[in-house]
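Participant: got a predicted structure here, sequence first:
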Amino acid sequence: MNDVFYIAVLKIKKKLNVLSYSEKTELEKFQGKYSFINKVKIKNVIKGFDIYSKLDKDKAWESIENKIQEEKDKDVFIFYRKTMYKYAAVAAILVGVLMTIYYFKDIMFQNAVQVSPSIVNSNTVILPGTDKATLTLEDGSVVALEKGNSYHTQNAQSNGEEIVYKNKEGVDKDKFNYLTIPRGGQFLLNLSDGTKVWLNSETQLKFPVNFVEGKTRSVELVYGEAYFDVSPSSKHKGAGFTVLQKNQQIHVLGTEFNLKAYSDDSNIYTTLVEGKVEMQFNNSKQNLIPSQRADFDLKTNKVKIAKVDVYNEISWKDGVFSFEEKPLYEIIKVLSRWYDFEVVFQNQNIRNQKFNGSLIKDRGIDEIMVSIKNYGIINSYEFKNKTLILR
């Protein structure tokens with residue numbers, strides 16, 4: 001029997017970077033067998049411990065496995081009205097409060113829509129995104145990074161899924177590289193100071209090969225979306241960390257936050273997960289606290305601060321797209337970047353209909369579109385040469 005409490009503890013230890021080698025191996029084996037564990041939301045696991053202690057563990061685990069298998073044969077993109085969202089979110093992406101499913105399974109799964117086979121243009125092949133990126137070196141040369149290919153230099157190495165930089169003596173600290181993620185891609189960058197940056201589809205980041213010890217560490221998000229887990233200043237002689245974007249600057253000492261600045265969006269969104277950041281917009285400054293998002297309107301140069309559900313903003317880095325009260329055109333825009341297709345709304349009336357839903361990123365686009373159609377959001381859809389036509 002799998003001890004869910006123990007697995008939850010391993011997930012928390014991983015979050016705190018205190019996993020032993022044997023524990024890491026054990027967790028990876030478990031994740032390989034039960035991929036949904038990768039979507040676990042740590043804070044909800046913690047809240048679920050009291051419930052867990054009262055359960056028949058064998059019976060509960062059997063129930064979870066049965067429900068997960070059932071859901072594989074159902075919709076992969078489940079939309080819910082707002083009144084059901086708190087249950088839908090748990091059912092679709094949290095499985096993470098693992099034992100809570102045992103109590104709430106009837107409520108959470110009762111409105112799932114049955115999936116029927118979909119028909120996509122036979123000449124169109126649209127696959128989920130994968131780990132891939134283009135690395136542009138200081139001399140202008142370009143290196144393709146993707147699964148199955150390794151890359152090594154004096155101070156960097158990549159296994160095709162991430163690239164890791166190391167601070168080394170003799171490496172020019174004035175040299176910059178660019179990491180560009182295409183549509184249908186994602187990649188993890190480990191900077192030489194220990195900062196981790198998850199890069200979403202259609203994103204470009206400019207960064208130094210090495211940082212100067214004791215001086216402010218600075219990178220530039222040219223465009224796109226990135227999640228930063230910044231190495232604290234205490235490890236770098238008090239040196240802070242700055243993320244530049246053509247319309248704003250973010251100053252941090254050591255924290256986690258998400259920055260979304262796509263070229264085709266009229267707003268820049270900064271969401272703070274942990275710590276504290278100071279944001280500078282033109283001549284004004286604004287501080288954020290955890291669970292706050294700053295929306296900077298590029299047209300008016302005004303900033304709005306609001307409390308948000310952080311998981312909806314950052315779940316993309318963990319393999320899940322989570323939407324709450326999002327209009328259909330925004331949902332489709334996210335999907336188009338990940339699955340690399342264009343979109344045409346022939347029916348303009350459906351563009352702004354708001355829905356709640358979640359999506360595991362490795363599922364096929366045909367399954368997702370059938371779910372949307374079956375829910376009654378659209379009358380019909382068609383793919384033509386990687387263009388999605390919605391009617």
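Facilitator: In hand now; what should we look at?
Participant: can we go C-alpha only for contacts and neighbour counts from here?
Facilitator: Fine.
Participant: phi and psi next, for the residue nearest to residue 362 when sequence neighbours are not counted.
Facilitator: Once flanking residues are discounted, residue 362 sits nearest to residue 128: 5.7 Å by C-alpha to C-alpha, 6 or more residues apart in numbering. Reported as degrees, to the nearest 10, the phi and psi values for residue 128 are phi -60, psi 160.
Participant: what count of nearby residues applies to residue 128?
Facilitator: If you count neighbours by other C-alpha atoms under 10 Å, residue 128 ends up with 16.
Participant: ok, it - contacts?
Facilitator: Listed by C-alpha atoms under 8 Å, 6 or more residues apart in numbering, the contact set of residue 128 reads 184, 338, 339, 361, 362, 363, 364, 365.
Participant: could you dump these to CSV with neighbour count, distance to residue 206 and secondary structure?
Facilitator: Below are these laid out as CSV (neighbours: other C-alpha atoms under 10 Å; distance: C-alpha to C-alpha, whole Å; DSSP: H, G, I helix; E, B strand; the rest coil):
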residue, neighbour count, distance to residue 206, secondary structure
184, 23, 20, coil
338, 24, 22, helix
339, 22, 24, helix
361, 21, 26, coil
362, 15, 28, coil
363, 14, 31, coil
364, 14, 32, coil
365, 22, 31, helix
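Participant: I'd like those residues as CSV, with distance to residue 254 appended.
Facilitator: Shown next, in CSV, are the contacts of residue 128 (distance: C-alpha to C-alpha, whole Å):
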residue, distance to residue 254
184, 30
338, 29
339, 33
361, 29
362, 31
363, 35
364, 37
365, 37
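Participant: of those residues, which is the nearest to residue 225?
Facilitator: Each of the contacts of residue 128 was checked against residue 225 using C-alpha to C-alpha; the closest is residue 338, at 12.2 Å.
Participant: who's in contact with the closest residue to that closest one other than its chain neighbours?
Facilitator: Here the nearest residue to residue 338 in space, its sequence neighbours aside, is residue 184; by C-alpha to C-alpha, 6+ apart that works out to 4.3 Å. Shown here is residue 184, whose contacts under the criterion C-alpha under 8 Å, 6+ apart are 128, 129, 130, 201, 202, 337, 338, 339, 340.
Participant: just for the chain, where's the confidence low?
Facilitator: Confidence mapping of the chain against pLDDT under 70 gives the ranges 1-23, 25-26, 28-124, 169-173.
Participant: give me the domain ranges for it.
Facilitator: Using automatic domain parsing, the domain parsing of the chain gives 4-109, 130-313, 320-390.
Participant: would you map the helices across the protein?
Facilitator: Listed from the start of the chain, the chain has helices (DSSP state H) covering 4-15, 21-33, 42-47, 49-53, 57-72, 85-89, 100-109, 310-314, 328-339, 365-375.
Participant: shouldn't residue 282 be in contact with residue 247?
Facilitator: Yes. Counting by C-alpha atoms under 8 Å, a contact exists between residue 282 and residue 247, whose distance comes to 7.3 Å.
Participant: which one of the two has more residues nearby?
Facilitator: Neighbours were tallied for residue 282 and for residue 247 using other C-alpha under 10 Å; the higher tally belongs to residue 247 (13 against 10).
Participant: show me what contacts the nearest residue to the more buried one once chain neighbours are set aside?
Facilitator: Counting by C-alpha to C-alpha, 6+ apart, residue 247 lies nearest to residue 281, which is 6.7 Å off, once chain neighbours are set aside. Listed by C-alpha under 8 Å, 6+ apart, the contact set of residue 281 reads 247, 248, 249, 301.
Participant: burial of the second one, as a residue count?
Facilitator: By that I understand residue 248. The tally of other residues near residue 248 (other C-alpha under 10 Å) stands at 16.
Participant: now do the contacts for it.
Facilitator: The neighbourhood of residue 248, defined by C-alpha under 8 Å, 6+ apart, consists of 279, 280, 281, 282.
Participant: quick check: bridge partners of it?
Facilitator: As for beta bridges, residue 248 partners with residue 245 under DSSP bridges.
Participant: now for the residue nearest to residue 354 when sequence neighbours are not counted, how many residues are close by?
Facilitator: In this structure, residue 354 finds its nearest non-sequential neighbour in residue 327, 4.1 Å apart by C-alpha to C-alpha, 6+ apart. In terms of burial, residue 327 registers 16 neighbours under the definition other C-alpha under 10 Å.
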